[in-house]
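Peer 1: just the structure for this:
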Amino acid sequence: MTASNAPTFATIMLMTGVGIPILAALNGGLGTRLGAPMAASMILFGLAFLIATAGALMTGSVGQIRFTSDIPAQFYLGGLFVAFYVIAVTFIAPRFGVGNAIFFVLVGQLISAATIDHFGLFGAMRFPVDAKRIAGIALMVAGVWLARRA
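Peer 2: Coordinates of the predicted model:
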């Protein structure tokens with residue numbers, strides 16, 4: 001990443017973050033109205049598959065789709081985590097509240113991201129966790145918690 005890319009990347013990720021609670025509210029509402037959270041999740045993944053397929057066709061990357069022993073198996077498991085998230089939030093958000101559900105998702109993301117960065121897991125860039133970073137994460141968790149208090 002270059003310094004010139006940082007604002008663009010930050011903006012895209014901010015928009016992605018905005019979309020996560022919207023996804024939770026919309027898919028949770030769909031699951032409630034259908035009376036079947038799993039059916040709502042299937043609809044979401046069907047639409048996501050169509051969009052990803054269109055993107056792959058437009059970029060010419062369909063030919064890169066492959067399962068090979070040259071790529072470690074864990075790199076194919078991202079879909080497992082996406083499915084777990086979508087199914088969990090579709091079922092839980094209408095019963096627990098979108099804000100409450102996303103609060104715990106955010107806390108989990110902070111812990112997981114810090115761990116991945118600290119150890120450079122899965123080939124990620126390594127950013128060791130120090131006392132300052134732990135304090136920052138704790139402040140973020142406290143801020144999200146305060147924002148969620150009734």
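
Peer 1: let's verify residue 66: helix, strand, or coil?
Peer 2: State at residue 66, reduced to three classes by DSSP: H, G, I helix; E, B strand; the rest coil: coil.

Peer 1: may I see the buried residues of the top helix by length along the chain?
Peer 2: Of all the elements of type helix in the chain, the one with the most residues (DSSP state H) is helix 6-34. Applying a neighbour-count criterion of 16 or more other C-beta atoms under 10 Å, one finds 20, 21, 23, 24, 25, 26, 27, 28, 30, 31, 32 buried in helix 6-34. Heads up, the C-betas are built off the backbone N, CA and C, glycines and all.

Peer 1: for these, which one is nearest residue 12?
Peer 2: The shortest separation between residue 12 and any of the buried residues of helix 6-34 is 13.4 Å, and it belongs to residue 20 (by C-beta to C-beta).

Peer 1: now what about the worst-scoring helix or strand of the chain on mean pLDDT, what contacts it?
Peer 2: Confidence across the helices and strands of the chain bottoms out at helix 131-148, with a mean of 88, counting by mean pLDDT, DSSP states H and E. Contacts of helix 131-148 from elsewhere in the structure, counted by C-beta atoms under 8 Å, 6 or more residues apart in numbering, are 99, 100, 103, 106, 107, 110, 111, 114, 127.

Peer 1: in it, what's buried?
Peer 2: Residues of helix 131-148 classed as buried under the neighbour-count rule (16+ other C-beta under 10 Å) are 137, 144.

Peer 1: make JSON lines from the buried residues of helix 6-34 and add distance to residue 48 and pLDDT to it.
Peer 2: Shown next, in JSON lines, are the buried residues of helix 6-34 (distance: C-beta to C-beta, whole Å; pLDDT from 0 to 100):
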{"residue": "20", "distance to residue 48": "14", "pLDDT": "93"}
{"residue": "21", "distance to residue 48": "17", "pLDDT": "92"}
{"residue": "23", "distance to residue 48": "10", "pLDDT": "94"}
{"residue": "24", "distance to residue 48": "15", "pLDDT": "94"}
{"residue": "25", "distance to residue 48": "17", "pLDDT": "94"}
{"residue": "26", "distance to residue 48": "13", "pLDDT": "96"}
{"residue": "27", "distance to residue 48": "11", "pLDDT": "95"}
{"residue": "28", "distance to residue 48": "16", "pLDDT": "95"}
{"residue": "30", "distance to residue 48": "14", "pLDDT": "97"}
{"residue": "31", "distance to residue 48": "15", "pLDDT": "96"}
{"residue": "32", "distance to residue 48": "20", "pLDDT": "96"}
